[in-house]
Structure formats: structure tokens, C-alpha cells
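Colleague: how would this look folded up:
(one chain, ligands or ions: 1)
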Amino acid sequence: MEIEFTKYHGLGNDFILIDNRSSSEPLVMPEQAVQLCDRHFGIGADGVIFALPGNNGSDYTMRIFNSDGSEPEMCGNGIRCLAQFLSDLEAAEISSEIDDIGSQSYRIHTLAGVITPRLEGNGKVTVDMGQPQLRAAEIPTTLAEADQKVVNQPLEVAGQSWAVTCVSMGNPHCVTFVEDVAAIPLEILGPQFENHPVFPQRTNTEFIQVVRPDYLKMRVWERGAGVTLACGTGACAALVAGVLAGNCDRRATVELPGGCLEIEWSQTDQRVYMKGPAERVFKGKI
Ligand code: ZDP
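Modeller: Numbering: from 1, shown residues only. Below is the predicted model:
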């Protein structure tokens, strides 16, 4: 069967998007997703994302397979790409007398609850990422008692003790503040954090340098995907961790290797808002 796909990226975190609106089961299996994500033997991507029909009043459902075939609960850069993809699909379907649809938002059902991306009309997408979850059992991690937060907790990795702060944005994140992110051997440490026995669902791993309280530099090792140029949920987790550890403001720019995201942890509703780009790259058929 021929399947159409469109390639998008958010700050170099790249995804294969599949129009799956006619079926509630993904058109591609996890093993096939691994092949498609391969940068030499496939299309090349950090993950495959499916736009499925909505349920319980949501407009659409998002599912995603990482490049190793595992299925994460959420994906921040991916949901910006999904919003842009849906808008492009809808624009192609309505006879286009209106070329500027302007601001547009979607209620997307994910394994991390309903997430609401809004297209700003300038190539940027703002996402209401919901409230972070901070209790150890919610991350999940065994680094503290089930109902306790994990803030600057010592964790032994590669013969060294790291002060880690854990945050769930629907998916697990382990955040470590360091003097100089460029000096971190990510390829060596990443897998050891990801697969550490204190993280039963494995973990995404972020190293953060506080340049100013409103400007963070981040490098990320993603669960199931390895080194990536950007991670939206990771940038949100980094800011939340920085606030918990007293290292940064509630609103900051997070600079990733692929570019910058604007993140705010709202005092009013305790939700995290992420703003950044989503770009279409090319279309094809599998
Ligand atoms: O939690 C995980 O297994 C991640 N690899 C999912 C993907 C996260 C992502 N990079 C993001 O931007 O949040 C897409």
C-alpha cells in the first residue's frame, strides 16, 4: 500500500507526518517506523507522527513512534509540527479564497492528556503543554518517596555524582544544571542516564547551562532517539526544573543546538507554554 507522508521539523527535531485521519490505528507499525527514520536506509527522522481522529471532544489524536520504535506519551516539537501539518491539510481541502487563516488552534488528544497548540500565523506555534507533574511516582523515578519532588537529588552516573531534578511533561525528564554544556560528553552519559535503574520507563536527559535567569542553554539526549537538535518537552522540563532549583525565572529563552524556544511556566494557571517554529520540508510516498 502506498502511504503519503510529509516531512516537518521544529528546530531541526525532524518528523515524518502521516495523515491517519481515516483510521484510528497507525498506518505504519513500530518496526517500519524504525526503518523510515533511518538516515541512510530510510527517509531520516527523529520520529514518525500520526494525525488520527479525535475522541472525547478533541479535534485530533496524536501518536508518535520514536526512531527506535518505542512510543512516547508526548512530543513538544512534534505537536507544533502536527498543528502545522493539520493546518496545511485543511487549507488544501477548503477552496482557498481565504489564504490567511490567521490564528488557529487545535485540541489534540495525546497519551499525556489534551494538549492545545495554536498557530500564530507567522510560522510560530504556541502550545499549552499543561501542568508539569513533579511527584517521583509520576515521573516515574525511584529517586525519592512516591509523593515527593526530586530537586537537586544526587545520582551516581559514570563514576560521578550529579545533582538531578526530575520533571514529567507527560514524558519523563531528568535535568542536570552544569557550568558548561559544551563540555558534556552527551553520547557517553546520555545512554547511562536514559537506562539508569532509578527510571523504570527510562528517561529523556537534559544538561542545562544558566547563561542568565531568562536564558538557558540546553543539550539533550532523548529516550529512544539519542542526541537530537531540539526537544520541546525537554525545554519545558528544563525551565520548570530551573524554577524548582532556584536557577531561573518562570519565563526564559531556551537555546538548543537547533535554535531557540520561548518557555513560560505560568504563575496563574501553573501550565507551561512553549512557543517555537514548525516548518514543512518535503512530501513523498512510501
Ligand atoms: O519521551 C520520549 O521518548 C521522547 N523521545 C519523545 C520525543 C520528545 C520530543 N523531542 C519533544 O520535542 O518533546 C519530540
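Colleague: so the residue lying closest to Glu179 once chain neighbours are set aside, which of the three states?
Modeller: Of all residues not flanking Glu179 in the chain, Gln209 sits nearest, at 6.8 Å (C-beta to C-beta, 6 or more residues apart in numbering). C-beta here means a position set from N, CA and C on the backbone, and glycine is covered the same way. Three-state call for Gln209 (DSSP: H, G, I helix; E, B strand; the rest coil): strand.
Colleague: just checking, Gln209 touches Lys217?
Modeller: Yes. The pair Gln209 / Lys217 is scored as a contact, 4.3 Å apart, by C-beta atoms under 8 Å.
Colleague: Which residues are in contact with each of these two?
Modeller: Common contacts of Gln209 and Lys217, defined by C-beta atoms under 8 Å, 6 or more residues apart in numbering, comprise Val181.
Colleague: mind listing what the residue nearest to Glu179 touches?
Modeller: Neighbouring residues of Gln209 by C-beta under 8 Å, 6+ apart: 177-181, 216-218.
Colleague: with the residues you listed in mind, which one is nearest to the ligand?
Modeller: Set against the ligand, the nearest of the contacts of Gln209 by C-beta to the nearest ligand atom is Met218 (11.6 Å).
Colleague: for the closest one, what are its contacts?
Modeller: By C-beta under 8 Å, 6+ apart, the contact set of Met218 is 181, 206-209, 234-235, 238, 254-256.
Colleague: 6 Å - rerun?
Modeller: Residues in contact with Met218, defined by C-beta atoms under 6 Å, 6 or more residues apart in numbering, are 206, 208, 238, 254, 256.
Colleague: next one: Phe193
Modeller: Counted by C-beta under 6 Å, 6+ apart, Phe193 has contacts 157, 174, 205.
Colleague: again, only this time at 10 Å
Modeller: 155, 157-158, 162, 164, 174, 176, 186, 199, 202-207, 221, 223 (C-beta atoms under 10 Å, 6 or more residues apart in numbering).
Colleague: Mind checking which of those residues are buried?
Modeller: Buried by 16 or more other C-beta atoms under 10 Å: 155, 157, 162, 164, 174, 176, 186, 199, 202-207, 221, 223, out of these.
Colleague: check the residues you listed against the ligand, which are close?
Modeller: Here is what survives when the buried ones among the contacts of Phe193 are matched to the ligand using C-beta under 6 Å from any ligand atom: 204, 223.
Colleague: wait, which of the buried ones among the contacts of Phe193 is closest to the ligand?
Modeller: Arg223 (3.7 Å).
Colleague: Would you confirm that that closest one contacts Cys75?
Modeller: No. Contact criterion C-beta atoms under 10 Å: Arg223 and Cys75 do not qualify, at 11.1 Å.
Colleague: so what sits against both of these two?
Modeller: 66, 171, 231.
Colleague: quick one on the thing from earlier: which one of the contacts of Met218 is nearest to the ligand?
Modeller: After measuring the contacts of Met218 against the ligand - C-beta to the nearest ligand atom - the closest member comes out as Leu256, at 9.6 Å.
Colleague: so where's the stretch 51-200 of the chain uncertain?
Modeller: 95-103 (pLDDT under 70).
Colleague: So which bits of it are right by the ligand?
Modeller: Counting by C-beta under 6 Å from any ligand atom, the stretch 51-200 of the chain comes close to the ligand at 66, 72, 75-78, 171.
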